[in-house]
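J.: everything below, folded, please.
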Amino acid sequence: MEGKQLYKFVSPLLLGILIFSSNFMNTDLFKFGENNFAVWFVLSFFCFAIGWFIDRTLNWILGGKVIFATAVAATLISVIVITFFREYFSATEVLTENLILFSLRNITLGAMGFFGLSVAEILMLEKEFYGMKEKLKLYENKILDAKKEAELEIREAKIKAEKIINDANATAKNTILKKERIEQELKGFIQVEKELIKKYEEL
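T.: A predicted model of the protein is given here:
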């Protein structure tokens, strides 16, 4: 945890040092020979990597603010140093123009830091998006399975309900038939009894 807190301060400091160190390159700003290009590529790559690392240690919003503040601070320090040591930086002839060009150099490296921060954030968001997409597919499959299970349970419930209704109807029919039979037997019994009473009276 302490190491992570340390990286939060070390990363912007390294980025500032890299941006400021670009001032000590060849003062022919637009003559990109092989050496100049190699140094620019290395500086740009390191600024990109630090921007990437800042996204991992800080979040997107705070990391962007830190990179912006670092680039502005490094540019301001560069302007002050170049103004006071213009002979060393060969900026004696047209100071304002050279200050703008040196500032653009620093801003370019700061932009590479932003680029690294942006790429890292995009890749992280893309990874989260695919993770959420997989979870969504899993949930959709679970919902489909739940729907199928619900449909099966409803069918089973309907079948059971129909069976219960059929059994109840059969029981009711049997009860009615028994009642009718008992009624007929009682009528027959009453008829026989009437006949017996009539015969008895005749005797």
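J.: so where's the longest helix in this protein?
T.: When the chain is parsed with DSSP state H, its longest helix is helix 95-202.
J.: report the separation between residue 85 and residue 79.
T.: From residue 85 over to residue 79 the distance is 11 Å, taken as Cβ to Cβ, to the nearest Å. For every residue, glycine as well, the C-beta is placed using N, CA and C.
J.: of the two, who's got more company?
T.: Neighbours per residue, other Cβ atoms under 10 Å: of residue 85 and residue 79, the larger number sits with residue 79, 16 against 11.
J.: ok, and the closest non-adjacent residue to that one?
T.: residue 99 (5.6 Å; Cβ to Cβ, 6 or more residues apart in numbering).
J.: wait, the one you found touches residue 83, no?
T.: Yes - here residue 99 reaches residue 83: they are 7.2 Å apart, a contact under Cβ atoms under 8 Å.
J.: quick one, which of the two is more surrounded?
T.: Shown here are residue 99 and residue 83; by other Cβ under 10 Å, residue 99 has more neighbours (18 against 13).
J.: any idea how far that one is from residue 68?
T.: Taking Cβ to Cβ, one finds residue 99 at 20 Å from residue 68.
J.: could you do residue 145 as well?
T.: Going from residue 145 to residue 68 by Cβ to Cβ gives 50 Å.
J.: with residue 22 instead?
T.: For residue 22, the distance to residue 68 (Cβ to Cβ) stands at 17 Å.
J.: who has more neighbours, residue 145 and residue 68?
T.: The neighbour comparison of residue 145 against residue 68 (other Cβ under 10 Å) goes to residue 68, with 13 against 10.
J.: wait, what's in contact with that one?
T.: Residues in contact with residue 68 (Cβ atoms under 8 Å, 6 or more residues apart in numbering) are 110, 114.
J.: tell me where the model's unsure across the protein.
T.: Filtered on pLDDT under 70, the chain yields the residue ranges 1-8, 25-37, 86-98, 202-203.
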